[in-house]
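Chemist: turn this into a model:
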Amino acid sequence: MFTTRPEILGTFGVVTSTHWIASSVGMAILEKGGNAFDAAVATGFVLQIVEPHLCGPGGDMPAILYSKKKDKVEVICAQGPAPAGATIEHYTSEGLNLIPGDGLLATVIPGAFDGWMLMLRDYGTMSIRDILEPAIYYAEEGHPVLAAVSATIKRLGGFFEKEWPTSHATWLPGGSAPEPNRNFKNPVLAATWKRVIAAAEAKSGRENQIEAARDAFYRGFVAEAIERFVSTTAVMDASGARHKGVLNAEDMANWRATVEAPQTYDYHDWTIAKTPAWGQGPVLLQSLALLKNHDLAAMDPSGPDFVHTVVEAMKLAFADREVYYGDPSFAQIPTEYLLSESYNSERRKLIGEGASLELRPGRVPGYDHQFDVTMAMLAEMSGKGTVYEPTMSHLSEKRGDTVHIDVIDRWGNMVSTTPSGGWLQSSPIIPGLGFALNSRAQMFWLKPGLPTSLEPGKRPRTTLTPSLALHQGRPTMVFGTPGGDQQDQWQVPFFLRYVHHGKNLQACIDMPLFHTSHFPGSFYPRTSSPGEIMVESSVGASTLDELRRRGHKVQVADPWTVGRLTAARRDVDGLLRAAATPRLMQAYAVGR
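Modeler: A predicted model of the protein is given here:
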């Protein structure tokens, strides 16, 4: 069978990510004797340089991993929570009813750096210098700027010059945006990482050095620079007004990334592991629970029956996300009930022959008030006209997205991680640091009493959702994609096609993709488009016509424009496999 690229095969190691340079860096770490975790950390820091419109040092990072030494699947939560000053009262006093999608009020504690350091310390083997040197090289010596990065900077150049001068100085040096494929540098960020290394190497011992690096970022010069800027600078944001942020050095000093148990679900002879409900990961599990009794293997994997059935299941799962998901440290999340067969056997009956145009969350016993309040809030928003017009928003460069990494080494360690946030367009560059903060607080509601209501110390319910799958109990595959609300929507058909249709990783990634914007979006301005699905035209005209006949509002995407999936697998005999999407012509899998 023809595929756009070969499925990469080897026994030594495989690395796949959303940028070819980052994948090559990860492979170089494996070649130097590092393990999968060392490679993932180095790859992650390089992605901050080469895809700065999609992730940055001020962002966040969930990871799901399997350590051969511990023989355990675990989740690293490097999702920073809301600062102490982030109260609903403060934000509404600023005249807001939604948290803007950019600027400084949208910022939570930057989590990515601590998560990477936790992974390096507890699972990796290499030094902080070994890991940061590739990123320093590309920041200091330059890298070929992506066309999407160039376009983003050009579009924002005037705004940066007028409103965010620190970003203008960083991204338009000399007053001009970088042209596509021209060499681009960020020497200030390189200097920041050199200072972190210097602070680390003032200590002896690998773990002590990593702890010193964490202190430099969260309790040292980085936190001090962030507080100095955030507390003294009011910046323009999507609300149309200027606001100061509430993040300070004390917030950063008191927070650390954590290791947690994953949420899992058994699907035939596979077990899928995801983040708990502080991320959207359980929607993939709920989708599988709804689809479990459908004969998907008998369906054409690009045909109307498959697309319709999968989309209708995902609509139901995402409706539950809106009502029930949130930080389990602040609310009781009924995940086990949502995944139970008794619940899903009833919910399955809602998947009919036609497309649903309603948001239909299920009612969970004991959660009636939460259900009613959430649905009333969403209905009020819809009544204000905040519904998407048909759009090709997944191709726009107006909002940041995400990156993804999958690594498996020769020992069987594996990691899947979806770093995001701290985009160049999310907030101004912090002077002297060379990077921006995140805008993750936009995922909170300003209505009290909900699992996703803004509250100090609470994690926003993110869309970041890496995956790890065990086959017959054996850790086997890692996969994921950028894409906001579409991340699990693209992973579901990928996984189903892989399980039911006998195709290899690359063939499954190459197949036409689809998603729906039926439910409220997670990003400002939180809009929805009931019944709308976007489908790559490569499914064929007959499939598109049949989907329209069933009542779907079909938006046709050009071939090779939807999704950014990557995946890696380890067979029982130790053979390693990896694949990456050809879409956007950036992602690459390498291995030997």
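Chemist: list the buried residues of stretch 553-565.
Modeler: Across stretch 553-565, burial judged by 16 or more other C-beta atoms under 10 Å covers 553, 554, 555, 557, 560, 561, 562, 563, 564, 565. To be clear about C-beta, it is placed using only N, CA and C from the backbone, and glycine gets the same treatment.
Chemist: what's the answer for stretch 112-132, then?
Modeler: Residues 112-121, 123-124, 126-132 are the ones in stretch 112-132 that count as buried (16+ other C-beta under 10 Å).
Chemist: what's in contact with stretch 184-198?
Modeler: 45, 49, 52, 57, 128-129, 132, 135-136, 139-145, 149, 170, 178, 213, 216-217, 221-222, 432-435 (C-beta atoms under 8 Å, 6 or more residues apart in numbering).
Chemist: which of these count as buried?
Modeler: Buried by 16+ other C-beta under 10 Å: 45, 49, 52, 57, 128-129, 132, 135-136, 139-140, 142-143, 145, 149, 170, 178, 213, 216-217, 222, 432-435, out of the contacts of stretch 184-198.
Chemist: burial count for the closest residue to residue 97 other than its chain neighbours?
Modeler: Spatial nearest neighbour of residue 97, excluding adjacent residues (C-beta to C-beta, 6 or more residues apart in numbering): residue 446 at 6.0 Å. As a burial measure, residue 446 scores 17 neighbours (other C-beta atoms under 10 Å).
Chemist: let's number from 493 now, not from 1
Modeler: Done: numbering now begins at 493, and the last item shifts to residue 938.
Chemist: residue contacts, residue 938?
Modeler: Neighbours of residue 938 in contact, by C-beta under 8 Å, 6+ apart: 580, 583, 584, 588, 589, 590, 591, 945, 946.
Chemist: spatially central residue in this protein, please.
Modeler: Taking C-alpha atoms, centre = their mean, the centroid of the chain lies closest to residue 956, which sits 3.1 Å from it.
Chemist: that residue falls within a strand, correct?
Modeler: No. Applying DSSP: H, G, I helix; E, B strand; the rest coil, one finds residue 956 to be coil, outside a strand.
Chemist: just the pLDDT for it.
Modeler: Predicted confidence (pLDDT) for residue 956: 95.
Chemist: parallel or antiparallel, list what pairs with the helix or strand harbouring residue 506.
Modeler: Assigned by DSSP states H and E, residue 506 belongs to strand 505-509. As defined by DSSP bridges, the strand partners of strand 505-509 come to strand 897-901 (antiparallel), strand 1080-1083 (antiparallel).
Chemist: packing partners for the next helix or strand after that strand?
Modeler: Sequence-wise, the next helix or strand downstream of strand 505-509 (DSSP H and E) is helix 512-523. On a contact count with 3 or more C-beta pairs under 8 Å, 6 or more residues apart in numbering; DSSP states H and E, helix 512-523 meets strand 505-509, helix 528-542, helix 620-633, strand 897-901, strand 1080-1083.
Chemist: what angle separates whichever helix or strand comes after the second one from helix 528-542?
Modeler: Which is helix 528-542. Later in the chain than helix 528-542, the nearest helix or strand by DSSP H and E is strand 553-559. Here strand 553-559 runs at an angle of 160 degrees relative to helix 528-542 (axes from the mean of the first three to the mean of the last three C-alpha atoms, to 10 degrees).
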